[in-house]
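Visitor: quick one: sequence plus predicted model below, questions after.
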Protein chains: 2
Amino acid sequence: MPRSHALMLQIATGDPRPISKQIVDGVRMKIATAELSPGDQLPSVRGLAQQLTINPNTVAKAYAELTSEGWLESRQGLGLFVATPRQRLSNGERDRRMDEAIQAFVREVAALDYPPERALARLDRALQVLSRKSA
Amino acid sequence: MPRSHALMLQIATGDPRPISKQIVDGVRMKIATAELSPGDQLPSVRGLAQQLTINPNTVAKAYAELTSEGWLESRQGLGLFVATPRQRLSNGERDRRMDEAIQAFVREVAALDYPPERALARLDRALQVLSRKSA
DNA sequence: CATCTGTACTACTACGCACAGTACAGGCAG
DNA sequence: CTGCCTGTACTGTGCGTAGTAGTACAGATG
């Protein structure tokens, strides 16, 4: 039974990420933390745009990316819905992108001259939110 | 005794990061891994630009950032040298930026639907290179 | 002096992002 | 069918960032 969802998304003007990416990240995170479940309907392009006082094209762009990545499914004329989980990337591609993320994080730790052990410990704690999915 | 250094820096055209940031990251990483030591001289702005076949302004921009962050010291008319280590950021600012880095990493793990434990294990391994400094 | 060093400008180009407006196809309630 | 909702696909415009190009100046050195 598909539920409609208020989807409390927050857009921060101070965030260095472009608005469309903030939406993509936000929705993906809500799916990852099971705050959104397969079958749930998302706010309409125009509705979310009005709610966030941004351009509808920006929302559409974010939704299009989420759809092409397999997180959302479009039902023409009806709306967008959270898709059922499936393999979205090849293992090679996934490992390659994880490698990039790791390198970026190591670069930041070096840039801040931050104790690697503390960084790892904090990250371990931060990753807990993703484990709730299978709880 | 200040050593001169060939500084094998690699600039990848496929890298999404701007060239100047690649230089900044590269130099910072070499300092963090003790491949560059305090007192070492860096290649000249024009020299490195020619070696990498990029614009001297781009190198100067990267060097200026590294200098303002305290990684390099400028001796007018002589060149740029790796500075002696010191506290470069306030603890609050450092924690805030580490927080951003952690959030960005968690977002990527969620985006890739990557097993958090594996991500943590791989990161642990990747962070080893930074520990050599105090070895 | 000439020649190296870093630094500071200006001007131009290319690209990404967001905004604005318009248009079209499909679903659905009246 | 009409009207209103849905996603989708365009065009164009403005703005900020990155990179290139060229010029100029101060300090150090031989």
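Guide: Structure received. Numbers count the residues shown, from 1 in each chain, chains lettered A, B, ... in the order given.
Visitor: let me see the ranges of the strands in chain A.
Guide: For chain A, the strands defined by DSSP state E occupy A:72-75, A:79-82.
Visitor: so can I have CSV of these showing mean pLDDT?
Guide: Shown next, in CSV, are those (pLDDT from 0 to 100):
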stretch, mean pLDDT
strand A:72-75, 95
strand A:79-82, 96
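Visitor: which of the ones you listed is buried the deepest?
Guide: Mean neighbours per residue, mean count of other Cβ atoms under 10 Å in any protein chain shown, is largest over the strands of chain A for strand A:79-82, with a mean of 20. C-beta here means a position set from N, CA and C on the backbone, and glycine is covered the same way.
Visitor: now check it, is it near DNA strand D?
Guide: Yes. Residues of strand A:79-82 contacting DNA strand D under Cβ under 7 Å from any atom of the strand: A:79-80.
Visitor: can you give the distance of that strand from its chain's centre?
Guide: 15 Å (Cα atoms, centre = their mean, to the nearest Å).
Visitor: one more: stretch A:33-46?
Guide: 12 Å.
Visitor: okay, now that stretch: how far is its last residue from its first?
Guide: With Cα to Cα, to the nearest Å as the measure, stretch A:33-46 spans 25 Å from end to end.
Visitor: backbone dihedrals for the nearest residue to residue A:51 once chain neighbours are set aside, please?
Guide: Spatial nearest neighbour of residue A:51, excluding adjacent residues (Cβ to Cβ, 6 or more residues apart in numbering or on different chains): residue A:43 at 6.9 Å. Taking degrees, to the nearest 10, you get phi -60, psi 150 for the backbone angles of residue A:43.
Visitor: count of neighbours near residue A:43?
Guide: Using other Cβ atoms under 10 Å in any protein chain shown, residue A:43 is surrounded by 20 other residues.
Visitor: would you mind measuring from the residue lying closest to residue A:19 once chain neighbours are set aside to residue A:83?
Guide: Distances taken as Cβ to Cβ, 6+ apart put residue A:58 closest to residue A:19, at 5.3 Å, once the chain neighbours are dropped. Here the criterion is Cβ to Cβ, to the nearest Å. By it, residue A:58 lies 22 Å from residue A:83.
Visitor: what do you get for residue A:29?
Guide: 16 Å.
Visitor: from residue B:120, how far out is the nearest residue to residue A:103 once chain neighbours are set aside?
Guide: Spatially, and ignoring its direct neighbours in sequence, residue A:103 is nearest to residue B:126 (7.2 Å; Cβ to Cβ, 6+ apart). Residue B:126 is 11 Å from residue B:120, where distance means Cβ to Cβ.
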